[in-house]
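Novice: Build the 3D model from these lines:
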Amino acid sequence: METEHIIHGFRPVFDNNSRVLVLGSMPSVKSREQGFYYGHPQNRFWKIIAAVCDRSVPVTIPDKQSLLLENGIAVWDVISECDLVGSSDASLKNVVPADLSVILDNAPIKAVFTNGSAASDIYVKYQSVSDIPHIRLPSTSPANAAWSFERLLEKWIIIKEYLCV
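Specialist: Numbering: from 1, shown residues only. This is a model prediction of the structure:
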């Protein structure tokens with residue numbers, strides 16, 4: 001695969017009731033094909049969020065948006081554009097950070113969670129907001145096969161603490 005320049009094409013999902021912000025790095029090839037976050041069928045993000053919120057796993061994009069908004073969860077990515085090979089975070093170059101003020105100025109965000117090390121590293125380098133807690137969570141990506149669903153859920157369940165504040 002060749003390196004290509006990718007411009008993030010999805011709008012953030014949030015509203016004025018969003019309490020937590022979950023940030024990924026950049027949409028995968030499958031997500032870009034589908035036009036929405038965490039579109040790879042083996043990515044465990046939607047199963048994890050559904051379990052955290054005690055809901056069924058959403059299938060359609062409108063159902064995914066509803067799950068997030070009804071539970072106070074905002075989703076976006078830390079990168080606005082970059083050079084990338086396929087979906088590999090390890091290949092990220094020429095990163096342009098996203099303008100998180102779009103969400104942070106318009107929603108009462110109590111904590112920022114990053115989905116994996118690449119998102120966390122970029123958030124800390126470019127966008128860390130000192131008065132909002134940041135918690136790095138293990139990646140839900142299928143590339144993180146060392147983490148079982150149960151282990152992921154043990155870490156991701158912390159989101160609930162910030163949804164009830």
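Novice: Is Leu153 located within a helix, as I assumed?
Specialist: Yes - according to DSSP: H, G, I helix; E, B strand; the rest coil, Leu153 belongs to a helix.
Novice: Which helix or strand contains Leu67?
Specialist: Under DSSP states H and E, the secondary-structure element containing Leu67 is helix 61-70.
Novice: which other residues reach that helix?
Specialist: By Cβ atoms under 8 Å, 6 or more residues apart in numbering, the list of residues contacting helix 61-70 from outside reads 13-15, 17-18, 34-37, 46, 49-50, 53, 55, 58, 73-75. C-betas here are computed from N, CA, C, even on glycine.
Novice: now stretch 155-165
Specialist: Here stretch 155-165 makes contact (Cβ under 8 Å, 6+ apart) with 19-20, 22, 48-49, 51-52, 71-73, 110-111, 113, 133, 135, 137-138, 140.
Novice: filter these to the buried ones?
Specialist: Listed as buried from these are 19-20, 22, 48-49, 51-52, 71-73, 110-111, 113, 135, 137-138, 140; burial here means 16 or more other Cβ atoms under 10 Å.
Novice: Okay, and which of the contacts of helix 61-70 map to strands?
Specialist: Residues from these lying in strands, with DSSP state E as the criterion: 73-75.
Novice: so where's this structure shaky on pLDDT?
Specialist: In the predicted model, the chain carries pLDDT under 70 at residues 165.
Novice: Tabulate the ones in strands among the contacts of helix 61-70 (a markdown table), appending distance to Ser28.
Specialist: Putting the ones in strands among the contacts of helix 61-70 into a markdown table (distance: Cβ to Cβ, whole Å) gives the following:
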| residue | distance to Ser28 |
| --- | --- |
| Ile73 | 19 |
| Ala74 | 19 |
| Val75 | 14 |
